[in-house]
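Chemist: here is my input, please return the structure:
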Amino acid sequence: MQVHSKMQQYLDLVRTAIAEGTYKPNRTGVDTLSTFGAHYEVDLQEGFPLLTTKDLSGYRWNSLIHELLWYFSGEEHVRNLQEETKIWDAWADEEGRLDTAYGRFWRRYPIPEEGLDGESWPEDAHRWVNEDERTFDQFQYVLDTLDENPQSRRLVVNAWHPANATVSTLPPCHYTFVFNVQGDRLNLHLTQRSGDIALGIPFNIAAYSLVTHIIAQRTGFEVGTFSHSVVDAHVYCGEGARGEWYADNREALRERMAAVEERTDFASVKDWILTEAPAEPGVENADHVPNLLEQLTREPRERPTIEVADRPIDDLTYEDITVRDYDPAPGLDFAVAE
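Modeler: From the prediction side, this is the model:
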């Protein structure tokens, strides 16, 4: 697996999905071009992987950091998060509660009150069982185990509860990750069931790379590799007739993508779509393909660096996390498919 210092991996994923993805309608009403089993690796020693082919600073960075700190808090509601970003409001009830919350499972994973005969479960007094409720703090388990047994192959954090997922409005997309030590480097592998290539995956790359930095800093390791597997990595391609146009013109799009030789050639594919495809019937930019093709015309720039204050995880604030030397291309608009 080749590891690129300028995040060409992401652009390769974009190109593959547009050129080779399967046309698939889905629950959102916005159709997709979908790929199966995407995987890439990012060497975190080469810089922080915040995309440079579009701008993720400003309100986007603000949302990313506050969302991650919210995960660390273990809260199952968005009442505090709402003060900083509204990205989870669509999934919350009138009191701000969620039927599934990542941080709740990261820091407060439910333990059965009574197991089956022969099963082993921790007692209430166990050091990783939260005192005020019968839940398990997976992050404290990881931190302690990295100090005491860093060669462990059991450093798993899981946000997926099968019974909850079957009835949840939005079960976790990036549902489990594993830490692994190689020499003096801490690596993280993230598994994701579903990934929106334009909007979600850039956030996931940055957020879990930041998690790696934070945990490495607190356990005395250097950062290593962020490894990412996405079961269904997809590009939203529009609603109604706009989305169906991609189904009808799949082979023509594939041929045009295969004919691209230089980055600038992607612009002609974008122009062809904007000329030939029917107008978007609803929300503007629900079709992510044109602006992703615009990204493909752009040369990735050098990655920025990240600095995190040396404080306990539970005490971290937005001001404790700083990105340096970030010089991205202009931002691009993509509508959220809900």
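
Chemist: now do the helices in the stretch 1-150 of the chain.
Modeler: 8-20, 59-73, 102-107, 138-148 (DSSP state H, counting those that start in this stretch).

Chemist: tabulate these (TSV), appending distance to Asn285 and mean pLDDT.
Modeler: C-beta: built from backbone N, CA, C; applies to glycine. Formatted as TSV, the helices of the stretch 1-150 of the chain follow (distance: least, CB to CB, whole Å; pLDDT from 0 to 100):
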stretch	distance to Asn285	mean pLDDT
helix 8-20	16	97
helix 59-73	15	96
helix 102-107	26	96
helix 138-148	36	98
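
Chemist: of all the ones you listed, which one is nearest Asn291?
Modeler: Within those, the stretch nearest Asn291 is helix 8-20; the backing value is 10.4 Å (CB to CB).

Chemist: list the buried residues of that closest one.
Modeler: Gln8, Gln9, Tyr10, Leu11, Leu13, Val14, Arg15, Thr16, Ala17, Ile18, Ala19 (16 or more other CB atoms under 10 Å).

Chemist: just stretch 159-166 next, same as before
Modeler: Across stretch 159-166, burial judged by 16+ other CB under 10 Å covers Ala159, His161, Asn164.

Chemist: quick one: mean pLDDT for that stretch?
Modeler: Averaging pLDDT along stretch 159-166 gives 96.

Chemist: which stretches in the stretch 201-338 of the chain count as strands?
Modeler: For the stretch 201-338 of the chain, the strands defined by DSSP state E, counting those that start in this stretch cover 222-239, 305-308, 321-324.

Chemist: got the contact list for Arg218?
Modeler: By CB atoms under 8 Å, 6 or more residues apart in numbering, the residues touching Arg218 are Leu143, Asp310, Pro312, Ile313.

Chemist: by neighbours, which of the residues you listed wins?
Modeler: Leu143 (19 neighbours; other CB atoms under 10 Å).

Chemist: my guess is that one meets Ala216, correct?
Modeler: No. Judged on CB atoms under 8 Å, Leu143 makes no contact with Ala216 at a distance of 11.0 Å.

Chemist: could you dump the longest helix anywhere in the chain to CSV, C-alpha only?
Modeler: Criterion DSSP state H: the longest helix present in the chain is helix 200-219. Output in CSV follows, covering the C-alpha atoms of helix 200-219 (Å, rounded to 0.1, in the frame of the first residue of the first chain):
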residue,chain,number,x,y,z
GLY,A,200,-18.2,12.5,5.9
ILE,A,201,-15.0,10.8,5.0
PRO,A,202,-12.8,14.0,5.1
PHE,A,203,-14.2,14.6,8.7
ASN,A,204,-13.5,10.9,9.6
ILE,A,205,-9.9,11.0,8.4
ALA,A,206,-9.1,14.2,10.4
ALA,A,207,-11.1,13.2,13.5
TYR,A,208,-9.6,9.7,13.9
SER,A,209,-6.1,10.9,13.0
LEU,A,210,-6.6,13.5,15.8
VAL,A,211,-7.7,10.7,18.2
THR,A,212,-4.4,8.9,17.4
HIS,A,213,-2.4,12.0,18.2
ILE,A,214,-4.3,12.5,21.5
ILE,A,215,-3.9,8.9,22.7
ALA,A,216,-0.3,8.7,21.5
GLN,A,217,0.6,11.9,23.4
ARG,A,218,-0.9,10.6,26.6
THR,A,219,0.7,7.2,26.4
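
Chemist: report the angle between that helix and strand 222-239.
Modeler: 160 degrees (axes from the mean of the first three to the mean of the last three CA atoms, to 10 degrees).

Chemist: now do helix 200-219, average pLDDT.
Modeler: Average pLDDT, helix 200-219: 98.
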